[in-house]
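Undergrad: All I have is the shape, not the residue letters:
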């Protein structure tokens, strides 16, 4: 590629290289851009490249204006606005591509260069993964290379030379980057995170229509990573991460209770915990929701700097702003806990409501159960229902087909198969039909340990729905009906495997464990990246200062350290300048030292007298005592003017100290 | 010049003059921290603005990777500033003495750049201060490069070579690093030879010559005349014939009797400069024809002679009078 580039005239070669870099910068965006925008950018870049190779004139101003107007209109049509993130990204890509069409003077090259950097930054809106970072590092080096190359006006220097200069600059700039990154105060967003900062992320949703967790089951992406402290790791069956609690059912969809109502009339959480807690740290992938997932049940507020957290009456932790970034927090959870009122309270009636006209057969089933055990309490009824699930021929499947209007009826009587949400939903409906307060809890269940870095990884495919049943004297009790149907879904590591990709199955045929190991290693690397780079927050900065010896660091201290470093470096630079000013040829310096010694001893000489002359003067003045000295001076002269000027100056310098200098 | 009325420009010009006058005069200069200056260019300010926008975007979208990008770019730019400064720092420039010149032609200054460092220096431009004609060069590692810049002297006479400037924007173009250098060398500028000068003046009778009265007014100048039928071949000046494309014969008698004097007082009635430039043309013409000629200027008289040294002496006299 490079050799073919170098066969072109310099102008064409430079232009092609710049186009290549631009294509590289835009490429990761293609998935996020409207199709027309990607096509237009590709077309324009190809066109410009063809113009460069065939040395044709660039299109006129009217062409550009026309194209610009067309793209503005298209952007407006696609995004309904010219402002905001997505429209901005589209526009900047288009501008970058169009600007290449008037790439004539150096000024235009600069505009492209700076637009290129904005485009690089927009990549990070969509992904901050290690891969993106690596791709953008290459892009940065490419842009720097193009710029360096533009400032080598003579001849046709090889691109590799410019690339080497750019690489060196980036390498030497890296320590500056590291210091700034560590010490630059992490400010809160200046005018709030734009509402469109997040989109297209998958994850749990705030409502549950039977069938939508099943779509998550195939999503192997990571929801969160957990590191347990103190070496205490809970058993798999305790790994329930609580998310939205869904208590309002309209026959088709489960939703949280309307907050206005539950606030006035709500059932208090009344959480009591027993036993030793688990302490852990969660690194939550962004999900654009205010949910802070914690293991059940966390009594203390999780530590999340810069956000205000509050617990809802149904025990879910919420943040005051959506999790739009990789977020890390510490939490303390108890596997042994009670919550909810011990005696029946007015608010609990809400958890017994069922919409009219749905699931008549389930209601009939409830009546039948009541008749069989007229005196049974809630616990006995729950046990009976679970028993029915276990023994009634119900199966767990990822692909239960589409349910009709009466989902509970269909589950209990017709299909008898489903995913956790079908099971939980049908179970809660049956409980409510039995007049037992019950609700659906969504979240994640389980996780697997990465053998490489010991982090526990919870994936989107671990999304789960279970039930909570209120029992007198015990409060809310977790019941996981899925466990009754498919005990292996809970607890054990085996679970329904999503179909594997071609690549993974190819590796799998070679070595069954290799794909898993590779994935574990790759995810560990990514996790390291997340922990060290993406999660470098203000609290980490302040920790750093604490290690540096600040008692109670604040961000002002950060700026002091930063300013101090700048001053230190500047002083270093000034000292170096001074040193360089006094710095002469080492040979001259050595001669100067000898001259000073002799001058102190009272020898008069002209300021420009050469060593030979000084030697003669010294001999005349000090006699035979100066022979060694004179010899040294002559050797010094020979060192300078003999054939091999690289002779041993260091040896002469060493000898200087051992010479018998005449005393004054 | 309308801008001349701007007091700020006057002050600036005075400052520049003062500044330049304190620069040492030297034909060889080594650039150090003390005589290399650096300022950001317009793209440099643009880069600063870009960094600011990137930073604000990183803050607002809380992008740690954005911070990394911004700071890496800033770090590279700072290193670039240092590289830019180091491109000139430590460079030795040497001016070879310029050739004499006729007024109106441009004088060429040959400059040798010596690099003792083990890495090459790229993109160094040289020009006469305040002219806009740059000569760009790279200087190889531990080697040297030669550059020529031209300037057009404004008047005849002995001139100091104008101040020169070297500049580089390598590697990023965000900083301009430059130096101003006043060479000690001087350039001698002869008057411009008149383009269509009248023919050489007639010869004057040799002073004290016996045959002063027998002037044959042939309209021919000293010692040479057009070939006449019957002239012996040995009288033909073949050299001239080859040059002038017509036969000329040596007029030995005339040569003895007349000598050619180029006199400022008799070089027409125009201004002094014009007359000097006519004399200049005559000197060149006489030298071309290979005849002896003398030069008379106010307070100076050069005896008739010929040859390169004589011509040079005459031209110098014309330049300096």
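TA: It's in. On a predicted model such as this, the values are computed, not experimentally measured, just so you know.
Undergrad: Would you mind identifying the helix or strand in the chain with the lowest mean pLDDT?
TA: With no chain named, the answer covers chain A. Among the helices and strands of chain A, helix A:259-265 carries the lowest confidence by mean pLDDT, DSSP states H and E, at a mean of 51.
Undergrad: that answer is for a different chain, and I need it for chain B
TA: Min over SSEs of chain B, mean pLDDT, DSSP H and E: helix B:252-257 (a mean of 54).
Undergrad: Quickly run through the sheet partners of the next helix or strand after it, with directions.
TA: Going down the chain from helix B:252-257, the next helix or strand is strand B:258-263, by DSSP states H and E. Strand B:258-263 has its sheet partners listed here by DSSP bridges as strand B:204-205 (antiparallel), strand B:293-297 (parallel).
Undergrad: so which of these is the most packed in?
TA: By mean neighbour count, with neighbours taken as mean count of other CB atoms under 10 Å in any protein chain shown, strand B:293-297 ranks first of these at a mean of 21. Where you see a C-beta, it was placed from the backbone N, CA and C, and this is true even at glycine.
Undergrad: Report all helices and strands that the biggest helix by length in chain A contacts.
TA: Across chain A, the longest stretch assigned as helix under DSSP state H is helix A:555-582. Judged by 3 or more CB pairs under 8 Å, 6 or more residues apart in numbering or on different chains; DSSP states H and E, helix A:555-582 is in contact with helix A:159-183, helix A:538-548.
Undergrad: What residues of the longest one count as buried?
TA: Think helix A:159-183. Buried positions in helix A:159-183, judged by neighbour count with 16 or more other CB atoms under 10 Å in any protein chain shown: A:159, A:162-163, A:165-170, A:172-174, A:176-177, A:179-183.
Undergrad: Touching that helix from outside, list them.
TA: A:2, A:5-6, A:13, A:17, A:140-141, A:144-149, A:152, A:536, A:541, A:544, A:558, A:561-562, A:565, B:67-68, B:71-80, B:83, B:171-172 (CB atoms under 8 Å, 6 or more residues apart in numbering or on different chains).
Undergrad: at 6 Å instead, please
TA: A:141, A:144-145, A:148-149, A:558, A:561-562, B:67, B:71-72, B:75-76, B:78-80, B:171 (CB atoms under 6 Å, 6 or more residues apart in numbering or on different chains).
Undergrad: Show me where the stretch 1-150 of chain B has its helices.
TA: Assigned by DSSP state H, counting those that start in this stretch, the stretch 1-150 of chain B shows helices spanning B:7-21, B:42-60, B:64-88.
Undergrad: what separates the shortest one from the chain centre, distance-wise?
TA: Going by CA atoms, centre = their mean, to the nearest Å, the spacing between the C-alpha centre of helix B:7-21 and its chain's C-alpha centre is 24 Å.
Undergrad: residues in the stretch 251-400 of chain A within reach of chain B, list them.
TA: Applying CB under 6 Å from any CB of the partner chain, we find that the stretch 251-400 of chain A lies next to chain B at residue A:325.
Undergrad: Show the low-confidence segments of the stretch 251-400 of chain A, by residue range.
TA: For the stretch 251-400 of chain A, the stretches flagged by pLDDT under 70 are A:259-267.
Undergrad: Tell me which residue in chain A sits closest to chain B.
TA: When scored by CB to the nearest CB, chain A has residue A:173 as its residue closest to chain B, at 2.8 Å.
Undergrad: check which helix or strand covers residue A:385.
TA: Element membership for residue A:385 (DSSP H and E) is helix A:378-391.
Undergrad: Just the residues contacting that helix, thanks.
TA: In contact with helix A:378-391 (CB under 6 Å, 6+ apart) are residues A:430, A:434, A:436, A:469, A:471, A:479, A:481, A:484, A:485.
Undergrad: Tell me which of the helices of the stretch 1-150 of chain B is the most buried.
TA: helix B:64-88 (a mean of 23).
Undergrad: Let me know whether it sits next to chain A.
TA: Yes - residues of helix B:64-88 contacting chain A under CB under 6 Å from any CB: B:64, B:65, B:66, B:67, B:71, B:72, B:75, B:76, B:78, B:79, B:80.
Undergrad: other SSEs contacting that helix?
TA: Here helix B:64-88 touches helix A:106-126, helix A:159-183, helix B:42-60, strand B:175-181, going by 3 or more CB pairs under 6 Å, 6 or more residues apart in numbering or on different chains; DSSP states H and E.
Undergrad: For the ones you listed, give me a markdown table that also has distance to residue B:147 and mean pLDDT.
TA: Converted to a markdown table, the helices and strands packed on helix B:64-88 look like this (distance: least, CB to CB, whole Å; pLDDT from 0 to 100):
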| stretch | distance to residue B:147 | mean pLDDT |
| --- | --- | --- |
| helix A:106-126 | 21 | 87 |
| helix A:159-183 | 21 | 92 |
| helix B:42-60 | 25 | 92 |
| strand B:175-181 | 13 | 93 |
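Undergrad: Which among the ones you listed is found nearest to residue B:10?
TA: Among the helices and strands packed on helix B:64-88, the nearest to residue B:10 by CB to CB is strand B:175-181 (20.1 Å).
Undergrad: Please name the nearest non-neighbouring residue to residue A:18.
TA: residue A:146 (4.8 Å; CB to CB, 6 or more residues apart in numbering or on different chains).
Undergrad: and the next element down the chain from the helix or strand harbouring residue A:337?
TA: Here residue A:337, judged by DSSP H and E, is contained in strand A:336-338. Going down the chain from strand A:336-338, the next helix or strand is helix A:360-372, by DSSP H and E.
Undergrad: Show the model's pLDDT score for residue A:221.
TA: Among the per-residue scores, residue A:221 holds a pLDDT of 77.
Undergrad: Grab the nearest non-local neighbour of it.
TA: Leaving aside its chain neighbours, residue A:221 sits nearest to residue A:460 (5.3 Å; criterion: CB to CB, 6+ apart).
Undergrad: So the one you found is in contact with residue A:220, correct?
TA: No - applying CB atoms under 6 Å as the test, residue A:460 and residue A:220 come out as separate, 7.2 Å apart.
Undergrad: So the two - more neighbours on which side?
TA: Ranked by neighbour count (other CB atoms under 10 Å in any protein chain shown), residue A:460 and residue A:220 place residue A:460 first, with 23 against 14.
Undergrad: Residues of the stretch 1-150 of chain A that sit close to chain B?
TA: So the stretch 1-150 of chain A meets chain B at A:110, A:114, A:117, A:121, A:124, A:128, A:133, A:147, A:148 (CB under 6 Å from any CB).
Undergrad: quick revisit: in its sheet, what does the strand holding residue A:337 sit against?
TA: In the sheet, strand A:336-338 lines up against strand A:272-274 (antiparallel) (DSSP bridges).
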